[in-house]
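>>> This is a predicted model, with the sequence first.
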Amino acid sequence: MDNDKTTSSGVSDAEQVKVTPHDLRLAAWTCSLGSALEYYDFALYSLASALIFGPLFFPQQAHGLAQIESFGTYFIGFAIRPVGGIIFGALGDRLGRKFVLVTTVVLMGLASTLIGALPTFSSVGYWAPLMLIILRLLQGLGAGAEQAGAAVMMTEYAPRERRGYFAALPFLGIQLGTVLASLVYFVLLLGVKDVTQTWLWRVPFLISLIIVAVAIYMRLNLKESPTFAKLEARHQTTHHPLANLLKNSRKTVGLGIGLRLAENGGSSIYQALAISYVVGVVGVQGSVGSLCLIFAPLLGALIVPLSGILTDRYGRVIVYRGFAIFQLLIAFPVWWVLSLGNVVAIIIVISIALAVGTWGMFGAQGALLPELFGANHRYIGVSVAREVSAVISGGIAPLIGSAIIAWVINLNGGNKEAGVWAWIPIAAYLALLTLGTIATTFFTPEPRGRDLDDLRDALAVK
């Protein structure tokens with residue numbers, strides 16, 4: 001039954017949920033594997049959008065338009081994610097965190113695998129981009145609640161004083177997935193003049209099936225979240241999570257969206273748009289994109305857990321703000337370096353920008369977003385906040401960036417070389433997103449260590 005009142009602090013023996021060290025380790029591994037699959041798909045699709053999908057699925061268009069259409073399919077996956085966040089987030093608050101985590105990983109994995117089996121435009125004409133769009137939509141539906149579920153599950157599993165660290169651990173899966181996708185692409189591009197003329201581009205997508213099989217096996221053996229188990233024991237789960245969220249948490253959702261502008265926007269800009277820019281406009285070799293997304297996650301694997309540890313010591317909000325300010329300060333210098341075309345410098349600056357700025361915020365975000373929401377609408381709250389921001393910042397960023405590049409070229413009479421100067425408005429766009437996040441942090445309450453069984457949002461108890 002619905003019950004939005006704060007519960008008493010007393011917990012009966014029947015409601016006690018014991019989390020053993022084994023349970024905690026299993027939860028960390030299973031959530032990390034799901035994140036690995038999501039970001040394997042994310043990095044894979046980013047690279048494919050920048051390097052492959054244009055000529056394979058949109059060859060009837062001029063190069064610039066084909067690139068925009070390719071990034072358009074990339075954006076569609078983000079556009080559908082709020083729908084997935086609402087659907088699966090509501091199920092996560094009604095039926096349990098574990099149920100949804102199993103469902104989403106199946107949906108994402110199968111969609112990614114099937115992309116590797118698609119016929120191209122040369123074989124079936126316009127059916128090819130249509131099928132690509134359908135699979136991208138299914139991929140986005142599953143991803144809409146996957147990362148939110150991993151964050152919620154680990155935050156609710158972790159000891160109160162170490163939530164920041166443990167909630168950041170699943171985000172190491174992001175590094176694993178990104179490195180794996182980049183390594184696969186790097187190997188494919190070695191000695192291959194045009195990978196679109198071979199079947200090799202399909203291999204990275206087909207590998208998704210292996211990751212999803214392992215993730216399903218581990219998640220089926222995972223216990224339910226302690227917080228959700230207590231909600232069920234107290235009959236406090238809500239049958240209408242979305243209505244509950246809209247009634248009680250509109251401001252909290254707004255904060256979540258604002259906090260993610262810099263993180264999600266920066267991630268898409270550096271992983272997709274920057275690679276497309278340095279390869280398609282500046283003219284460096286295509287393999288540099290894969291190298292960037294190999295070295296950046298290696299550094300990110302150190303920064304993400306460190307970020308979580310710092311939030312346990314100093315607070316979630318101040319650490320998040322610090323990484324956002326860092327991203328703002330380096331936005332223009334990084335894009336200036338990208339415009340110069342030096343391969344070593346490009347790898348260094350993208351690695352620092354992604355790993356320290358963007359993923360530093362990501363690590364701090366692990367416990368921050370779940371702690372902002374009340375217990376019986378936490379899953380849908382985190383999902384909606386994450387995925388709405390993913391549309392308005394992350395998903396549309398490469399599309400806007402491609403349009404900026406095309407605009408700069410047109411301003412210079414169609415001179416493609418003039419597109420190099422697009423780095424200035426692109427850097428300004430990134431800076432604007434980051435300023436939005438920095439401003440949001442000053443309205444965000446510090447939720448570190450709060451009672452996760454409380455049905456109220458952090459804003460209501462600050």
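Now that the structure is in, tell me what you want to look at. Residues are numbered from 1 along each chain as shown.

>>> Quick one: residues contacting Gly266.
If you count contacts by Cβ atoms under 8 Å, 6 or more residues apart in numbering, Gly266 has them with Gln327, Ala353, Leu354, Gly357, Thr358, Met361, Leu430, Leu433, Thr434. C-beta: built from backbone N, CA, C; applies to glycine.

>>> can I get these in a markdown table with pLDDT?
Listed next are these as a markdown table, based on pLDDT from 0 to 100:
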| residue | pLDDT |
| --- | --- |
| Gln327 | 97 |
| Ala353 | 95 |
| Leu354 | 93 |
| Gly357 | 94 |
| Thr358 | 94 |
| Met361 | 96 |
| Leu430 | 95 |
| Leu433 | 95 |
| Thr434 | 97 |
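
>>> any weak-confidence spans in this structure?
Low-confidence segments of the chain (pLDDT under 70): 1-17, 42, 50-51, 59-71, 74, 189, 191-198, 286, 462.

>>> hmm, try it at 50
Within the chain, the stretches with pLDDT under 50 are 1-15.

>>> now for the contacts of Gly266, which pair is the farthest apart?
The most widely separated members of the contacts of Gly266, counting by Cβ to Cβ, are Leu354 and Leu433 (14.7 Å).

>>> These two: which has the busier surroundings?
Using other Cβ atoms under 10 Å, the more surrounded residue of Leu354 and Leu433 is Leu354, with 29 against 25.

>>> so which of the contacts of Gly266 would you say is closest to Val152?
Of the contacts of Gly266, the one sitting nearest to Val152 (Cβ to Cβ) turns out to be Met361, at 18.1 Å.

>>> That closest one and Ser402, how far apart?
Using Cβ to Cβ, to the nearest Å, one gets 24 Å for the distance from Met361 to Ser402.

>>> How about Glu38?
Distance from Glu38 to Ser402, by Cβ to Cβ: 23 Å.

>>> higher neighbour count, those two?
Ser402 (29 against 25).

>>> I figured the more buried one hits Leu273, correct?
Yes: with contact defined as Cβ atoms under 8 Å, Ser402 counts as touching Leu273 (7.2 Å).

>>> now Asn410: how far from Lys416?
11 Å.

>>> again with Ala301
37 Å.

>>> Who has more neighbours out of those two?
Higher neighbour count among Ala301 and Lys416: Ala301, with 19 against 14, using other Cβ under 10 Å.

>>> tally of neighbours for Pro159?
11.

>>> Run through the residues that contact it.
Going by Cβ under 8 Å, 6+ apart, Pro159 touches Phe166.

>>> next one: phi and psi at it?
When read as degrees, to the nearest 10, the backbone of Pro159 gives phi -60, psi 140.

>>> Not including adjacent chain positions, what is the nearest residue to Asn415?
Leaving aside its sequence neighbours, Asn415 sits nearest to Ile409 (Cβ to Cβ, 6 or more residues apart in numbering; 6.6 Å).

>>> ok now whichever strand or helix holds that neighbour, how far from the chain's centre?
Using DSSP states H and E, Ile409 maps to helix 397-411. A distance of 23 Å separates the centroid of the chain from that of helix 397-411, by Cα atoms, centre = their mean, to the nearest Å.

>>> Centre of the chain to whichever helix or strand comes after it, how far?
The helix or strand immediately downstream of helix 397-411 is helix 423-441, counting by DSSP H and E. Helix 423-441 sits 18 Å away from the centroid of its parent chain (Cα atoms, centre = their mean).

>>> buried stuff in helix 423-441?
423, 425-427, 429-431, 433-438, 440-441 (16 or more other Cβ atoms under 10 Å).

>>> Among those, which one lies nearest to Val382?
Once Cβ to Cβ is applied, the member of the buried residues of helix 423-441 that ends up nearest Val382 is Thr440, at 15.6 Å.

>>> So which bits of the one helix or strand Thr178 maps to are buried?
In this assignment (DSSP H and E), Thr178 forms part of helix 172-189. Within helix 172-189, the residues that count as buried by 16+ other Cβ under 10 Å are 172-182, 184-186, 188-189.

>>> State the pair within these that is farthest apart.
Pairwise distances across the buried residues of helix 172-189 peak at 25.9 Å for Leu172 and Leu189 (criterion: Cβ to Cβ).

>>> where's Lys247, which helix or strand?
Using DSSP H and E, Lys247 maps to helix 241-248.

>>> For that helix, give me every contacting residue.
2, 4, 86, 89-90, 93-94, 238, 253, 374, 376-377, 379-381, 384, 456-457, 460.

>>> Next secondary structure after it?
Next element after helix 241-248 (DSSP H and E): helix 250-268.

>>> now for the next helix or strand after that following helix, which elements pack on it?
Helices and strands here follow DSSP H and E; after helix 250-268, the next one along the chain is helix 274-276. For helix 274-276, the elements it packs on are helix 21-51, helix 287-314, helix 397-411, judged by 3 or more Cβ pairs under 8 Å, 6 or more residues apart in numbering; DSSP states H and E.

>>> most tightly surrounded among these?
helix 21-51 (a mean of 24; mean count of other Cβ atoms under 10 Å).

>>> could you check the angle helix 250-268 makes with that helix?
60 degrees (axes from the mean of the first three to the mean of the last three Cα atoms, to 10 degrees).

>>> Helix 21-51 to helix 172-189, inter-axis angle?
40 degrees.

>>> In space, what's closest to Ser112 - neighbours in sequence excluded?
According to Cβ to Cβ, 6+ apart, the nearest residue to Ser112 is Ser208 (3.8 Å).

>>> thinking again about what came up before, which of the buried residues of helix 172-189 lies closest to Val152?
Among these, and counting by Cβ to Cβ, the member closest to Val152 is Gly173, at 15.0 Å.

>>> which residues sit in contact with the closest one?
With Cβ under 8 Å, 6+ apart, Gly173 has these contacts: Cys31, Ser32, Leu33, Gly34, Ser35, Ala36, Leu37, Glu38, Tyr39, Ala150.

>>> please redo it, this time with the cut-off set to 10 Å
28-40, 147, 150, 211, 215, 304 (Cβ atoms under 10 Å, 6 or more residues apart in numbering).

>>> now Leu176
Leu176 makes contact with Ser32, Leu33, Ser35, Ala36, Leu37, Tyr39, Tyr40, Ile211, Pro297, Ala301 under the criterion Cβ under 10 Å, 6+ apart.

>>> Swap in 8 Å and give it another go.
Ser32, Ser35, Ala36, Tyr39, Tyr40, Pro297.

>>> and if you look at Pro204?
Leu44, Ala48, Gly116, Ala181, Val184, Tyr185, Leu188.

>>> cool, Gly300 as well?
Ile174, Gln175, Thr178, Leu354, Ala355, Trp359.

>>> For stretch 285-297, report the contacting residues that lie outside it.
The contact list for stretch 285-297, computed with Cβ under 8 Å, 6+ apart, reads 43, 47, 50-51, 174-176, 178-179, 181-183, 185-186, 189-190, 270-271, 274-275, 278-279, 343, 346-347, 350-351, 354-355.

>>> one more time with 7 Å, if that's ok
Applying Cβ atoms under 7 Å, 6 or more residues apart in numbering, the contact partners of stretch 285-297 are 43, 47, 50-51, 175, 178-179, 182-183, 185-186, 189, 271, 275, 278-279, 343, 346-347, 350-351, 354-355.
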